[in-house]
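Sequence below, structure please.
(chains A, B, C and D, ligands or ions: 4)
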Amino acid sequence: MIEAVTRFDSFENANIHRGLYDLSSTATKRYEQIRTKVAHFLGTENSNTVAFTKGTTESINIVAQSYLSKKIMPGDNVITTIMEHHANFIPWQVLTQTHHAELRIVPIDPHGNLDMNKLRALIDSKTKLVAINHISNTLGTVNPIEDIIAMAHKKNIPVLIDAAQSISHCALSLDQMEYDFLAFSGHKMFAPFGVGILQVAEKHLGEVLPYNVGGGMIREVTNERTTFRDFPFNLEAGTANISGVIGLGAAIDYIGSLDKTDVSNHIRDLTDYCVATLNTVPEINVVGSPSGRSGIVSFTVTDIHPHDVASFLNQDQIAVRAGTHCTQPLLASLGLGATIRASFSIYNTRDDIDQLKASLIALIKFWS
Amino acid sequence: MIEAVTRFDSFENANIHRGLYDLSSTATKRYEQIRTKVAHFLGTENSNTVAFTKGTTESINIVAQSYLSKKIMPGDNVITTIMEHHANFIPWQVLTQTHHAELRIVPIDPHGNLDMNKLRALIDSKTKLVAINHISNTLGTVNPIEDIIAMAHKKNIPVLIDAAQSISHCALSLDQMEYDFLAFSGHKMFAPFGVGILQVAEKHLGEVLPYNVGGGMIREVTNERTTFRDFPFNLEAGTANISGVIGLGAAIDYIGSLDKTDVSNHIRDLTDYCVATLNTVPEINVVGSPSGRSGIVSFTVTDIHPHDVASFLNQDQIAVRAGTHCTQPLLASLGLGATIRASFSIYNTRDDIDQLKASLIALIKFWS
Amino acid sequence: MTKEELEILYKSKIIPASKEPYHFEKHAQANTVIEAYNPICGDKYQLYLDMSEGVVQSAYFHGFGCAISKASTSILARKVEGKRLEEVVALGDTFIASLTGITPMDFDDECLKILNELKNFDGRVDCIKSSWEAITHHLKEEQWK
Amino acid sequence: MTKEELEILYKSKIIPASKEPYHFEKHAQANTVIEAYNPICGDKYQLYLDMSEGVVQSAYFHGFGCAISKASTSILARKVEGKRLEEVVALGDTFIASLTGITPMDFDDECLKILNELKNFDGRVDCIKSSWEAITHHLKEEQWK
Ligand SMILES: Cc1ncc(COP(=O)(O)O)c(C=O)c1O
Ligand SMILES: Cc1ncc(COP(=O)(O)O)c(C=O)c1O
Ligand code: FES
Ligand code: FES
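Ligands and ions are numbered 1, 2, ... in the order given. Here you go, the predicted structure:
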């Protein structure tokens, strides 16, 4: 990935969709090839369903402002869940507030699974969108997306999937799901920061209006009015993060080269092993015990603040994160101020988890 | 610049403002140092006037949506000019249309200078913003920004400067101007694509509301409501284009290392030499003859379409751009479909211009 | 493509076809008028077709664009005359597909072949494609009516 | 900082001060209550000051935060008691400036010195700063009234 980006920055640095000089036409071509690559990765031939964005956050904001805000009426509602990242929570909170609509928040059960009965009860004829993450970035819970999509589609309600955490788990068959909107970020799949994807189902392509306006996304501009290009080009105003997109292309090649089942098994194994290992230490409290969990384990240590834990682990070269993980509503509902979060990718091994445990035990001893 | 970005992508790749592990805290520190660097470059000590964006286009859209849309009333007006890039034209057109306000477009005189008398006549007590580019990306005209700011401020009207084309011309003393909003892109100053700046004068800091909402820009989120951080952090939702920002920092170091007067003289010299050289060929028509022109010369060739000219020049390794340069209103007002545009940076020499002329003469002969 | 090859293509076909395009005039009485607009550059042609009994009886065009697009549209006008609606659509689909480089085309026609050779030239494929896409798209919609 | 040095700092000052913080209780009758909120982590303390005749007569605090922020706030509470409003503001300004690394501070005080040494530790400077910023900011506004 880094090689792909550097090569671009050094030799091929040129604006796309603008001039017609050689460099630029090469850049345009690569850019559009990567759009096709992303489409194939997501299981469709239609590359015009794929828009490049800044990341998950921008993708979701676009759906809120450029799609849903034109449709939502006072009294309507949007359904999201208590376990969402702020990126898939605040846009709906702000949208429903400004449109005098209602934000309905699906709770979790005591294990950290989504409460599907509550979800069923909350969906009604006034529901305009269900917005849900595929994998919780704090609990690691893998949500039953197919069931949720089926439930919503029965009532003709579109579903947005925040796939930020699942996009690198190619085995989760995102490419076979019938979601309406899909959002994810490049940096969660080994691509650079500041690039992401919004994919829109064909039937909604005409309903996503421009977001930023400016160069590159117009058909014609006169003093009096502007006509815009179609999706996805109507979203891509201004100069794109080209090296980000090229890095994203390289990342998809890399992920595509892995054996889906191997990756999935490896990450599940690490996750289960981590939970089991941490559970052997009485001072360590693993947060939640969802029936499906993948890649992420949150925990706390009795009497030591999560940030202190993380700082000491970092001294031992163990990279964990402490904090609310941009899921304040979730933590508040669990009565927690913060957690420590371990997350696993294909690079990790069981050894890493053994070291994590050893460091934690040493810290607990040091602290007491 | 490329070196700085690669180093970051390889060794320091970590999210900012999030976790508290070592990598991440290094990234945050560098990110904030670059914010300070940009502030100093723009002549202020207050780094909290500087927000990182995707580029000029996003910066201007933010001012339109997150600042002006809350203030503009039916019957108000926004002033822009006929020579703007679409990025500084369409946002105001869309905003005034959706708010039943008026877009007032300052014309140019026959030389391609802004018509200052018309501008004076158009500003009135209903004017909510003057949005203008510093250097026209099609004509190369350098606008008398100080005079315009003085004129607007006399009536307490804020001024937005689109500095996309002037930011690399450090001699133009942007850092001494009293603009209210400044927008530019990194890629116009040798930084990567997909990163830019919105700078806001201190007195307006509290008036720029969030744009995208999500992680990293909040104070507190509950199920019921969210409180946001102050500018510029309220704008920086989601994961930033960190390597873009780091590249921007390196670009500023580079530009800062140049002798301002040398750069300015060199570019002026090339611009004048280009105009004089092209004017010796009867079939070449230079567009406009503004009293100040810097870095950009547009022209057409009799009976050969600009894109055909550009393609042939590219065969001779001369990188020019053909098209409307995202300035359709300007070209329509000049009765032109497209132009060829030569633009100059510190890397160019008079030789390049002699070659340009030779290639053009050969093409004209070939075509006839 | 070397510069020489390019110059030969231009000299032999593109410049002549663009300097003296086939049926380059407004044809107001045509019963079908199609706009071919290229948003990348802002160039625009009107295609004037006279259709009867499912056959393109005559094709004219007018507007402003580069040499490539003018040559391409000129060739288009000549090629579609006398063809049935379905034949035009089929030709358009095949030709457009050949420009993506994925589906090759059997070119018995010299002019189409030259256009196709230019597909990799300096990002100009949209110049070649624009009018073909407009007519194919329009006639497909016509078919569904 | 090596891990060993860090452990010494924590062992000698941070952990004790955070386990038995000075005046760690809600002090409802205080005439000045200041919230110190760190948006980076969501931690929050209430600072309870009793001020009279321009002097901080007593300082208490309560809330939730990490060991560093608790130690820092504990030290703050101890340091500001008995000081005049202007003295607290001056101390706060100097200490905060010392944390940026730009303006060094003359530390006659062991506790402040240790806090300062932690400023480069793992991005935790906001933990040290948060309460100091809150009190300094609040008292400055007070001065202007
Ligand atoms: C004057 C001017 N304004 C705005 C822009 C848009 O910048 P960006 O595409 O980086 O948003 C450009 C350059 O493309 C420009 O030259
Ligand atoms: C589940 C989830 N949603 C959204 C985001 C936000 O992504 P970004 O910051 O790239 O916009 C993240 C990651 O930070 C995430 O884990
Ligand atoms: S440049 Fe416009 S169609 Fe060729
Ligand atoms: S981690 Fe919250 S104040 Fe230290």
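
Run through the stretch 1-150 of chain A and note the low-pLDDT ranges.
Across the stretch 1-150 of chain A, the ranges flagged by pLDDT under 70 are A:1-25.

The residue of it found nearest ligand 4 and A:Pro329, how far apart?
Across the stretch 1-150 of chain A, no residue is closer to ligand 4 than A:Thr138, which sits at 16.5 Å (Cβ to the nearest ligand atom). Heads up, the C-betas are built off the backbone N, CA and C, glycines and all. The gap separating A:Thr138 from A:Pro329 is 10 Å, by Cβ to Cβ, to the nearest Å.

So between those two, which is more surrounded?
Comparing A:Thr138 with A:Pro329 by other Cβ atoms under 10 Å in any protein chain shown, the one with more neighbours is A:Thr138, at 27 against 23.

Just the element for that one, please.
Following DSSP states H and E, one finds A:Thr138 outside all helices and strands.

and what of the one 10 residues further on?
A:Ile148 is part of helix A:145-154 when elements are defined by DSSP H and E.

partners of the helix or strand just after that helix, with directions?
As assigned by DSSP H and E, the chain's next helix or strand after helix A:145-154 is strand A:159-162. Neighbouring strands of strand A:159-162 in its sheet, by DSSP bridges, are strand A:127-133 (parallel), strand A:181-185 (parallel).

Find out how far the longest one is from the centre of the chain, if you would.
Taking the mean C-alpha point of strand A:127-133 and that of its whole chain, the gap between them comes to 14 Å (Cα atoms, centre = their mean, to the nearest Å).

Please see if it touches ligand 2.
Yes: using Cβ under 6 Å from any ligand atom, strand A:127-133 comes into contact with ligand 2 via A:Asn133.

and if you look at stretch A:239-251?
No: counting by Cβ under 6 Å from any ligand atom, no contacts exist between stretch A:239-251 and ligand 2, the nearest distance being 11.3 Å.

all helices for chain C, in order.
Counting by DSSP state H, chain C has helices at residues C:3-9, C:15-19, C:67-80, C:85-100, C:110-117, C:125-144.

Identify the structural domains in chain A and state their residue ranges.
A:2-256, A:260-367 (automatic domain parsing).

Please see if the last one touches ligand 4.
Yes: looking at domain A:260-367 against ligand 4 by Cβ under 6 Å from any ligand atom, the contacts come from A:His307.

number of nearby residues for the residue nearest to A:Leu95 when sequence neighbours are not counted?
Nearest residue to A:Leu95, sequence neighbours excluded (Cβ to Cβ, 6 or more residues apart in numbering or on different chains): A:Ala64, at 4.8 Å. When counting by other Cβ under 10 Å, one arrives at 25 neighbours for A:Ala64.

Equivalent analysis for the one 3 residues further on, please.
Summarising burial for A:Tyr67: neighbours were counted as other Cβ under 10 Å, giving 24.

quick one: pLDDT of the closest residue to it other than its chain neighbours?
Excluding the flanking residues, the one nearest A:Tyr67 by Cβ to Cβ, 6+ apart is A:Val208, at 4.9 Å. We have a pLDDT of 98 for A:Val208.

So A:Val208 sits against A:Ile62, correct?
Yes: contact criterion Cβ atoms under 8 Å: A:Val208 and A:Ile62 qualify, at 7.1 Å.

what would the helices of chain C look like in JSON lines with mean pLDDT, mean neighbour count and distance to ligand 2?
Putting these into JSON lines (pLDDT from 0 to 100; neighbours: other Cβ atoms under 10 Å in any protein chain shown; distance: least, Cβ to the nearest ligand atom, whole Å) gives the following:
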{"stretch": "helix C:3-9", "mean pLDDT": "86", "mean neighbour count": "14", "distance to ligand 2": "44"}
{"stretch": "helix C:15-19", "mean pLDDT": "90", "mean neighbour count": "19", "distance to ligand 2": "48"}
{"stretch": "helix C:67-80", "mean pLDDT": "95", "mean neighbour count": "25", "distance to ligand 2": "40"}
{"stretch": "helix C:85-100", "mean pLDDT": "92", "mean neighbour count": "17", "distance to ligand 2": "32"}
{"stretch": "helix C:110-117", "mean pLDDT": "87", "mean neighbour count": "18", "distance to ligand 2": "42"}
{"stretch": "helix C:125-144", "mean pLDDT": "90", "mean neighbour count": "20", "distance to ligand 2": "33"}
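
closest one to A:Arg229 among the ones you listed?
The closest of the helices of chain C to A:Arg229 is helix C:125-144. By Cβ to Cβ, the value is 12.6 Å.

So the closest one, near ligand 3 or not?
Yes: figure legend: helix C:125-144 in contact with ligand 3 (Cβ under 6 Å from any ligand atom); contacting residues C:Cys127, C:Ser130.

Can you pull up the residues of chain A that come close to ligand 2?
A:55-57, A:85, A:87-88, A:133, A:137, A:162, A:164-165, A:185, A:196.
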